[in-house]
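**Q** Model the following, please.
(one chain, ligands or ions: 1)
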Amino acid sequence: MADKARIEIDADRRTFASVLPELISALRRCRLGDLLAVIGREAEIGADLETWCRFTRNSLIETTAAAGRTRWVVRCGEAPTADAADRPVGSRLWLYTNFDCNLYCDYCCVRSSPKAPRRALGLERVRRIADEAAELGVDEIFVTGGEPFLLPDIGGILAACAAAAATTVLTNGMLLAGRRLETLGSLPRDRVTLQISLDSPTAARHDRHRGAGTWVRAWSGIERARAQGFRVRLAATVSTDVQAEEFRRFLDAQQIPEEDRVIRYIALRGFATRGIALARADLVPEITITADGVYWHPVGAADADLLVASDIFPLAEAFAAVRRAVDRESAHRRRLARIFNCA
Ligand code: SF4
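**A** Coordinates of the predicted model:
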């Protein structure tokens with residue numbers, strides 16, 4: 001995300017206090033959601049900047065260091081509130097099975113593509129995760145890729161997850177034919193749901209982001225999965241309220257029930273150059289396991305700021321690490337609320 005800030009402040013060797021007037025002036029020129037970057041050589045700026053962001057309800061969303069300089073990216077204002085704040089941490093578990101993908105969507109939040117190297121969790125690890133997840137009381141498992149149906153052992157992976165909890169597999173729907181459709185057909189309909197991406201009611205916008213001809217193939221995948229007797233949830237990624245409303249009308253016309261609709265906004269992560277900038281503090285944690293470790297949330301499961309632990313096992317410890325991080329951040333927020341209690 002190194003080039004996305006609207007305003008850049010070169011702090012060089014200055015301290016936070018001496019940069020602050022420039023920072024305030026820059027933020028006054030920003031609209032809600034704009035990004036600004038502070039680039040400096042004094043690492044201490046980071047801690048002060050983070051505290052200041054919490055006080056002022058802005059968000060420090062990224063810190064990167066290179067060649068002796070650190071770049072802090074601040075988003076003007078808070079992110080929209082999540083609708084899942086009451087869901088207990090650990091009730092949902094996400095698995096990124098591979099990261100490689102047959103598509104090259106221009107907003108992919110984890111940089112999946114045909115060129116992305118496969119980082120596979122593998123069937124054995126998934127079986128162990130599923131076993132331990134069942135003991136930990138996980139209600140729902142979400143399996144995502146890149147594109148999970150690229151994996152030769154996806155049938156075994158989904159069967160293991162479905163044995164542990166209700167399972168949803170996220171797919172672009174392109175590959176649901178031939179032996180992959182047979183694999184799908186072997187899975188229990190009452191335990192496996194498909195969430196298929198469809199960004200717009202007609203092909204133009206979907207294909208602009210995802211590639212020519214993908215809308216028609218996704219729709220065909222939706223019909224094939226339904227014909228096999230699976231519950232199918234449609235998931236759209238949109239940029240504006242108008243697009244969201246347009247898609248809602250389409251879903252109404254298709255008589256898709258509310259529980260089978262997902263409409264979310266493009267997140268400014270991965271390949272996206274525009275979208276909602278999300279910091280860790282903005283995201284209600286949904287524990288996410290990849291081949292690289294345990295992450296705070298699936299939307300940044302390739303980003304260092306959302307990595308909680310490198311070790312997946314024992315899963316109980318991974319869950320505990322996320323809960324400890326939640327407790328730490330809640331305590332910090334409560335402390336700031338007391339310090340900043342004005343009346
Ligand atoms: S958004 Fe989904 S379909 Fe598109 S590249 Fe990323 S993982 Fe693949």
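
**Q** hmm, who's touching stretch 293-304?
**A** Stretch 293-304 has contacts (C-beta atoms under 8 Å, 6 or more residues apart in numbering) with 94, 96, 99, 109-111, 142, 144, 267, 269-270, 278, 280, 283-290, 292, 306-312, 318, 321-322, 325. (C-beta placed from N, C-alpha, C; glycine too.)

**Q** Next: stretch 10-27.
**A** Identification of contacts with stretch 10-27 by C-beta under 8 Å, 6+ apart yields 7, 9, 36, 38-42, 44-45, 48-49, 52, 58, 74, 76.

**Q** who wins for neighbours among those residues?
**A** Highest neighbour count within the contacts of stretch 10-27, by other C-beta atoms under 10 Å: residue 74, with 28 neighbours.

**Q** Residue 61 is in contact with that one, correct?
**A** Yes: counting by C-beta atoms under 8 Å, a contact exists between residue 74 and residue 61, whose distance comes to 7.1 Å.

**Q** Please identify every residue contacting each of those two.
**A** Overlap between the neighbourhoods of residue 74 and residue 61 consists of residue 35, taking contacts as C-beta under 8 Å, 6+ apart.

**Q** picking up where we left off before, now the contacts of stretch 293-304: which count as buried?
**A** The neighbour-count test (16 or more other C-beta atoms under 10 Å) marks 94, 96, 99, 109-111, 142, 144, 267, 269-270, 278, 280, 283-290, 292, 306-308, 312, 318, 321-322, 325 as buried among the contacts of stretch 293-304.

**Q** quick one: which of those sit in helices?
**A** Using DSSP state H, the members of those that fall within helices are 318, 321-322, 325.

**Q** now these in CSV, with pLDDT and distance to the ligand?
**A** Conversion of those to CSV gives the following (pLDDT from 0 to 100; distance: C-beta to the nearest ligand atom, whole Å):
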residue, pLDDT, distance to the ligand
318, 96, 23
321, 95, 26
322, 95, 23
325, 90, 26
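
**Q** just those residues now: which is nearest residue 105?
**A** Using C-beta to C-beta, residue 322 is the member of these that sits closest to residue 105, with 27.5 Å.

**Q** which residues sit in contact with that closest one?
**A** 89-90, 285, 287, 294, 296, 308.

**Q** Could you check how far residue 77 is from residue 304?
**A** As defined by C-beta to C-beta, to the nearest Å, residue 77 lies at a distance of 24 Å from residue 304.

**Q** Dump the C-alpha coordinates for stretch 279-291 into PDB.
**A** Once side chains and other backbone atoms are set aside, the C-alpha atoms of stretch 279-291 remain, and they are given as PDB (Å, rounded to 0.1, in the frame of the first residue of the first chain):
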ATOM      1  CA  ALA A 279      -6.800  -1.000  10.700                       C
ATOM      2  CA  ARG A 280      -6.800  -3.900  13.100                       C
ATOM      3  CA  ALA A 281      -8.700  -1.900  15.700                       C
ATOM      4  CA  ASP A 282     -11.500  -1.500  13.100                       C
ATOM      5  CA  LEU A 283     -12.000  -5.200  12.700                       C
ATOM      6  CA  VAL A 284     -13.900  -7.500  15.000                       C
ATOM      7  CA  PRO A 285     -11.600 -10.500  15.200                       C
ATOM      8  CA  GLU A 286     -12.400 -13.600  13.100                       C
ATOM      9  CA  ILE A 287      -9.600 -16.000  13.700                       C
ATOM     10  CA  THR A 288      -8.000 -16.900  10.400                       C
ATOM     11  CA  ILE A 289      -5.400 -19.600   9.800                       C
ATOM     12  CA  THR A 290      -3.100 -19.700   6.800                       C
ATOM     13  CA  ALA A 291       0.100 -21.600   6.000                       C
END
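
**Q** can you tell if it touches the ligand?
**A** No: on the criterion C-beta under 6 Å from any ligand atom, stretch 279-291 is out of touch with the ligand, staying 12.6 Å away.

**Q** model confidence over that stretch, on average?
**A** Confidence for stretch 279-291, expressed as mean pLDDT, is 92.

**Q** ok, now stretch 74-89?
**A** Across stretch 74-89, pLDDT averages out at 71.

**Q** Repeat that for stretch 4-12.
**A** So the average pLDDT for stretch 4-12 ends up being 89.

**Q** Kindly report the same for stretch 258-276.
**A** Mean pLDDT, stretch 258-276: 93.

**Q** how close does the closest residue to the ligand within the stretch 151-300 of the chain sit to residue 284?
**A** Taking C-beta to the nearest ligand atom as the measure, the point where the stretch 151-300 of the chain comes nearest the ligand is residue 172, at 3.9 Å. Distance of residue 172 to residue 284, computed by C-beta to C-beta: 25 Å.

**Q** Buried ones in stretch 191-206, by neighbour count?
**A** Under the neighbour-count criterion of 16+ other C-beta under 10 Å, stretch 191-206 has 191-201, 203, 205-206 buried.
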